[in-house]
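>>> Coordinates for the following, if possible.
(2 chains)
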Amino acid sequence: MLKALFRWSVALALVGAAVFWWVTRPNTLDANALAGLEPDVAAGEQIFYAGGCASCHAAEKAEGEAKLVLSGGRAFPSPFGTFRAPNISSDPEYGIGNWSAMDLANAMKRGVSPEGQHYFPAFPYTSYTKAKLGDIVSLRAYLATLPASSTPSKPHDVGFPFNIRRSLGGWKMLFLKEDWTVTGDLTAQEQRGRYLVEALGHCGECHTARNPLGGLTLSKWLGGAPNPDGRGKVPNITLGKLDWSHADIAEYLSSGFTPEFDTAGAQMADVVENTSHLPPEDRAAIAVYLKVVTAVN
Amino acid sequence: MALHRHVFLGLAAASIAATAVFAESHGNNPAVSARKAHMSLYGHNLGTLGGMAKGTIAFDAAASQAAADNLLALATLNQMSYWQPGTSNADLGDQTRALPGIWAEGSDVGAKAGALVEAATAMQAAAGTLDGVRGAIGGVGGSCGGCHKSFRAPES
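Modelled structure (predicted):
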């Protein structure tokens, strides 16, 4: 009797472990998902600026040309530990010089490394998962044109239990979704803005509050959040708070000037350095999109 | 002559004392007040240029040129007396968001101030046309932001 019970519990534990293993397995793209997609380096440069890659992956305090050396190292404090941006320069050994377009696509859309490991969501794949595959192929080609750096990536400083990467499979099941947050009948311009804000620009990663598990509270999309580094707040950029005109928003994303002619500060200064490289139509599209986001008060 | 000198010194002393009293009563260091006044003058002139660039103010070449001239004049004023050491947010608390890094060893604040002069010079040369203003405003914003990013504490 006791023996039978023991056997049952072992069997159930094994089934449980198998389910966990299955559910949390790194889930990669179909092997021929990129078939027929041709890279366009110039388009890739635009994706690079729209995606803000350099804001995290350039060395801290890098300016000008140095921002194109994606040697990593910048630290991102969070309630789960401190994450450090890795080297994603074109160096084949220390960077991602030997990655295929598929490797980049799996990283951005699925949060999975070429070795089949889950990335921590400090890398904003919850946003990049909405990126178009063709854009990722072009981005891959553009990144290959940037300088190589042999600075080794620094390890993350994340404590137990968050350092168990496998459990991120469960996290992804809860929070990694390709669906748009703002739905409904959108004009072509609003859709372009949505793509820039929700996918490439990953604005929601800082401007939306997170739940205790670190997932975004989508019911308060872009409604502001505490600053993860502990100083001040990341503002609410919905109509509930932001009363800037379309022209004000577009100007801010171009020159960094607020309507009072103060300038963007902190991390947003880095964002403006990126958005200033976008065509004016893209900045206008972002402004138009922000006006259709549900107001958070 | 001697009388004039005494009157002048007396007035100077009185104005220093008055400044100190004013500062005390308002809880503001006079250097900080001067900095804020200087910044708001930048803001006022940028309001003209930026408004025209955005299209919220009709372009007017004379007004645009005047604002650009002012901007350059402001950027090239000698401001040493109000960027004194000992007036950072570490020294004065909430009165100011100026970070101690401005005065730290190896600070590139001088280069950043030079970048503003350069951008304002370009704006002055371009301010005669709307396209010129639109082309030059990004450089001005970038140089303002460059300094703010490194040397200004975030709003609390």
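>>> Now residue 141: closest residue in space, sequence neighbours ignored.
The chain I'm using is chain A. Excluding the flanking residues, the one nearest A:Ala141 by C-beta to C-beta, 6 or more residues apart in numbering or on different chains is A:Pro39, at 3.5 Å. For every residue, glycine as well, the C-beta is placed using N, CA and C.
>>> Let me rephrase: I mean chain B.
Distance criterion C-beta to C-beta, 6+ apart; nearest residue to B:Gly141, sequence neighbours excluded, is A:Ser255 at 3.1 Å.
>>> quick one, what contacts the one you found?
Applying C-beta atoms under 8 Å, 6 or more residues apart in numbering or on different chains to A:Ser255 gives the contacts A:Val272, A:Ser276, B:Gly50, B:Ala53, B:Ile137, B:Gly138, B:Val140, B:Gly141, B:Gly142.
>>> Helices - which of the residues you listed land there?
Residues of these located in helices (DSSP state H): A:Val272, B:Gly50, B:Ala53, B:Ile137, B:Gly138, B:Val140, B:Gly141, B:Gly142.
>>> Close to chain A: what parts of chain B are there?
Residues of chain B that fall close to chain A, judged by C-beta under 8 Å from any C-beta of the partner chain: B:42-44, B:46-47, B:50, B:53-56, B:137-138, B:140-142, B:144-146, B:148-150, B:152-156.
>>> Which pLDDT value belongs to the residue of chain B found nearest chain A?
Closest residue of chain B to chain A, C-beta to the nearest C-beta: B:Gly141 (3.1 Å). Note for B:Gly141: predicted pLDDT of 93.
>>> That one against A:Phe257, yeah?
Yes. Using C-beta atoms under 8 Å, B:Gly141 is in contact with A:Phe257, at 5.1 Å.
>>> intersection of neighbour lists for the two?
Residues within reach of B:Gly141 and of A:Phe257 at once, by C-beta under 8 Å, 6+ apart, are A:Thr263.
>>> before we move on, the earlier item: for A:Ala85, state which of the contacts of A:Ser255 is nearest.
Ranked by distance to A:Ala85 (C-beta to C-beta), the contacts of A:Ser255 are led by A:Val272 at 19.3 Å.
>>> I'd say that closest one and A:Ala266 touch.
No. Counting by C-beta under 8 Å, A:Val272 does not reach A:Ala266; the two are 10.9 Å apart.
>>> buried residues in the lengthiest helix in chain A?
Longest helix in chain A by number of residues (criterion: DSSP H): helix A:2-23. Within helix A:2-23, no residue is scored as buried using 16 or more other C-beta atoms under 10 Å in any protein chain shown.
>>> Which neighbouring elements make contact with the next helix-or-strand element following that helix?
From helix A:2-23 onward toward the C-terminus, using DSSP states H and E, the following helix or strand is helix A:41-51. Here helix A:41-51 touches helix A:133-143, helix A:266-275, going by 3 or more C-beta pairs under 8 Å, 6 or more residues apart in numbering or on different chains; DSSP states H and E.
>>> ranking the ones you listed by burial, who's on top?
helix A:133-143 (a mean of 23; mean count of other C-beta atoms under 10 Å in any protein chain shown).
>>> Now do it against helix A:41-51, angle only.
Helix A:133-143 runs at 100 degrees relative to helix A:41-51, counting by axes from the mean of the first three to the mean of the last three C-alpha atoms, to 10 degrees.
>>> Summarise which helices and strands helix A:133-143 is packed against.
The helices and strands touching helix A:133-143, judged by 3+ C-beta pairs under 8 Å, 6+ apart, are helix A:41-51, helix A:101-110.
>>> list the contacts for the spatially closest residue to A:Ala131 that is not a sequence neighbour?
In space, and not counting its chain neighbours, A:Ala131 is closest to A:Ala199: 4.9 Å by C-beta to C-beta, 6+ apart. With contacts defined as C-beta under 8 Å, 6+ apart, A:Ala199 is in contact with A:Ser127, A:Tyr128, A:Thr129, A:Lys130, A:Ala131, A:Lys132.
>>> Could you do A:Lys241 as well?
A:Gly224, A:Pro235, A:Val296, A:Asn297.
>>> so who does the closest residue in space to B:Pro100 that isn't next to it in sequence touch?
Leaving aside its sequence neighbours, B:Pro100 sits nearest to B:Ser88 (C-beta to C-beta, 6+ apart; 4.2 Å). Contacts were defined as C-beta under 8 Å, 6+ apart; by that measure B:Ser88 touches B:Thr96, B:Ala98, B:Leu99, B:Pro100, B:Ile102, B:Trp103.
>>> ditto for B:Ala63
B:Thr48, B:Met52.
>>> can you tell me how far it sits from A:Lys177?
Per C-beta to C-beta, to the nearest Å, B:Ala63 is found 51 Å from A:Lys177.
>>> Now residue 76. Nearest residue, chain neighbours left out?
No chain in the question, so chain A it is. Spatially, and ignoring its direct neighbours in sequence, A:Phe76 is nearest to A:Phe83 (4.5 Å; C-beta to C-beta, 6+ apart).
>>> wait, chain B
Once flanking residues are discounted, B:Thr76 sits nearest to B:Val117: 5.9 Å by C-beta to C-beta, 6+ apart.
>>> so where does the one you found fall, helix or strand?
Applying DSSP H and E, one finds B:Val117 within helix B:109-126.
>>> May I see the buried residues of that helix?
For helix B:109-126, the neighbour count (16+ other C-beta under 10 Å) marks B:Lys112, B:Ala113, B:Ala115, B:Leu116, B:Ala119, B:Ala120, B:Thr121, B:Ala122, B:Met123, B:Gln124, B:Ala126 as buried.
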